[in-house]
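Fold the stuff below for me.
(2 chains)
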Amino acid sequence: MTVNSATRAVITAADFLKFRDYFHRKTGIHFDESKRYFVDKRLQDRIEATGATGFRDYFASLRFEASGIELQQLVNAMTVNETYFFREAFQFECLVNDLMDELAARAAGRRLRIWSVPSSTGEEPYSIAIYLLERWPGLKQHDVEILSSDIDTRVLESAQRGIYSRRSVSELPRAYLAKYFEQIDDDAWRISRDLVDAVEFSRVNLCDAADTRRLRDVDVIFCRNLLIYFDDVSRRIAADAMFDALVPGGFVCLGHSESMSRISPLFRMRRFADALVYQKPLQGEQQR
Amino acid sequence: MALKSASKNSGLREVAERAPDRSYAGLLQQLADADPARRRWAARDLAAHAAAAQPLVDRLLDEHDAGVVEAIFTSIETLASPAAVAALVPLLRSDDARLRNGAIEALASMPAATAPHVDRLLADADADVRLFAVNLLADLRHPQVPAWVEQVLRTEPEANVVAAAIEVLTEAGSTALLPALAAAQARFATDPFIGFAADVARSRIGSP
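Numbering: from 1, shown residues only, chains lettered A, B, ... in the order given. The predicted structure follows:
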């Protein structure tokens, strides 16, 4: 069914500002004026889906709805959930250019440990593995473990099968594609077994202390574009889990629209040349 | 040196020192342990015990480790019970801004259990408590919030509490509250800040 644009709810400039401020405060996601069309369209979609009479009616129900279900629907509509190799690669650059050297200097020979959560279908942990193999000279002197977890066992199985579409590998440099993948048909590439074997996959619910208490001594956590889908309490539980899993001085990389400062005061922000990351204070450092 | 499989080094292993005595009584005891890591884990695990709200809040009053404080607030929010709200409300009178703000945030996260306390907080004899109650409204997802904001606009005697209510209105108000806004502006006609805040709110809300 198509919707005649003439019948769609009107979102005024004041409405947009009001919504933008509220959405930013609740989620940390900021939309500038250039995203007006994108935001308006999704707001109109949700206004129609909920049967609201217009923006004010919808915003009032969104703002005061105790369950938070509609806010979550809106977050889902306003964010694009897709994963592919080397997505938001600036954080992998930060990993190999700054984080690993700093961590290795403190590790005193200890094996370094990276945790990628959620693993989804494996693109992120395998991207980390490729970056370390190709771009971090320190791998000659240090051992690194890559752990990757997801709550969904189906995606974990898919990650371990390691078969990817053309779209999924489209951002990979051609040389890496040739080196670490085998093309098995027109739209399918199989990742090398060496990479699959280098990543330890496990089922973990980030909000379940019984699951997360098993993870410790982690040096870097990649937890990108997950917390935006959580409610406030779940976000705090997840932040607590990450804090306890990290070694002192360990790092958390969140998605570009996410902010740990909005969730937990326990981490400090570190700004590197390639990315902004969050760090668990070293022992003896003051927590905020 | 290379990428290593964690399973060959049993990377996902139980942390032995957290295993003993996870009973309610054991956790309460560990909540007062000298080691902040033990206190933090006790606080996290107490989220599974409905009776733990008051002991967790009691611990907050003596707790100086930021990590433990954070874990306690998270567990109280997880409990999200009338008992948790009842234990938190007195913190609005605390001189410690960290406890006060933590309590406001936690109360806002449990709207159903918090709502029955709002009328009493908005009528408190202490203007600071009324101000914190309005701050709470800013984040409270509850259908009664516009009515509470209107009540503050029409009856609250302190200008700074009214100013805080106008701030809530600016973000979340509808045109239905414009008459109450005008009434507040009239009551504080000599206060330039109230006039300025009311104009901003009016421009944000738009005309009917």
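
so how many other residues sit close to residue 140?
If you meant another chain, say so; for now it's chain A. By other C-beta atoms under 10 Å in any protein chain shown, 8 other residues sit near A:K140. All C-beta spots, glycine's among them, are computed from the backbone N, C-alpha and C.

that's the wrong chain, I wanted chain B
24.

can you pull the contacts of it?
B:L107, B:A108, B:P111, B:T114, B:A115, B:V118 (C-beta atoms under 8 Å, 6 or more residues apart in numbering or on different chains).

Next, work out how far apart it and A:F38 are.
29 Å (C-beta to C-beta, to the nearest Å).

that older thread, and chain A, which of the contacts of B:L140 reach it?
B:P111 (C-beta under 8 Å from any C-beta of the partner chain).

Now do the contacts for B:P116.
B:P116 touches B:P82, counting by C-beta under 8 Å, 6+ apart.

Report the separation between it and B:P82.
For B:P116 relative to B:P82 (C-beta to C-beta), the value is 8 Å.

Correct me if wrong: B:I76 contacts B:L88.
Yes: contact criterion C-beta atoms under 8 Å: B:I76 and B:L88 qualify, at 6.6 Å.

More neighbours: the two, which one.
Shown here are B:I76 and B:L88; by other C-beta under 10 Å, B:I76 has more neighbours (31 against 28).

By mean pLDDT, point me to the weakest helix or strand of chain B.
Across the helices and strands of chain B, mean pLDDT, DSSP states H and E gives its lowest value to strand B:3-4, namely a mean of 78.

which helices and strands sit right next to that one?
helix A:123-135, strand A:144-150 (3 or more C-beta pairs under 8 Å, 6 or more residues apart in numbering or on different chains; DSSP states H and E).

and A:H24, what element?
helix A:13-27 (DSSP states H and E).

pLDDT below threshold where in chain A?
For chain A, the stretches with pLDDT under 70 are A:1-6, A:27-28, A:79-81, A:286-288.

Would you state the helices of it in chain order?
For chain A, applying DSSP state H gives helices covering A:13-27, A:36-50, A:55-64, A:69-78, A:90-94, A:100-107, A:123-135, A:153-161, A:174-180, A:193-198, A:209-212, A:232-245.

Mean neighbour count and distance to chain B added to those helices, as JSON lines?
JSON lines is the format used below for the helices of chain A (neighbours: other C-beta atoms under 10 Å in any protein chain shown; distance: least, C-beta to the nearest C-beta, whole Å):
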{"stretch": "helix A:13-27", "mean neighbour count": "17", "distance to chain B": "5"}
{"stretch": "helix A:36-50", "mean neighbour count": "16", "distance to chain B": "15"}
{"stretch": "helix A:55-64", "mean neighbour count": "20", "distance to chain B": "5"}
{"stretch": "helix A:69-78", "mean neighbour count": "16", "distance to chain B": "8"}
{"stretch": "helix A:90-94", "mean neighbour count": "21", "distance to chain B": "14"}
{"stretch": "helix A:100-107", "mean neighbour count": "17", "distance to chain B": "10"}
{"stretch": "helix A:123-135", "mean neighbour count": "22", "distance to chain B": "6"}
{"stretch": "helix A:153-161", "mean neighbour count": "15", "distance to chain B": "12"}
{"stretch": "helix A:174-180", "mean neighbour count": "14", "distance to chain B": "12"}
{"stretch": "helix A:193-198", "mean neighbour count": "16", "distance to chain B": "4"}
{"stretch": "helix A:209-212", "mean neighbour count": "17", "distance to chain B": "5"}
{"stretch": "helix A:232-245", "mean neighbour count": "23", "distance to chain B": "4"}
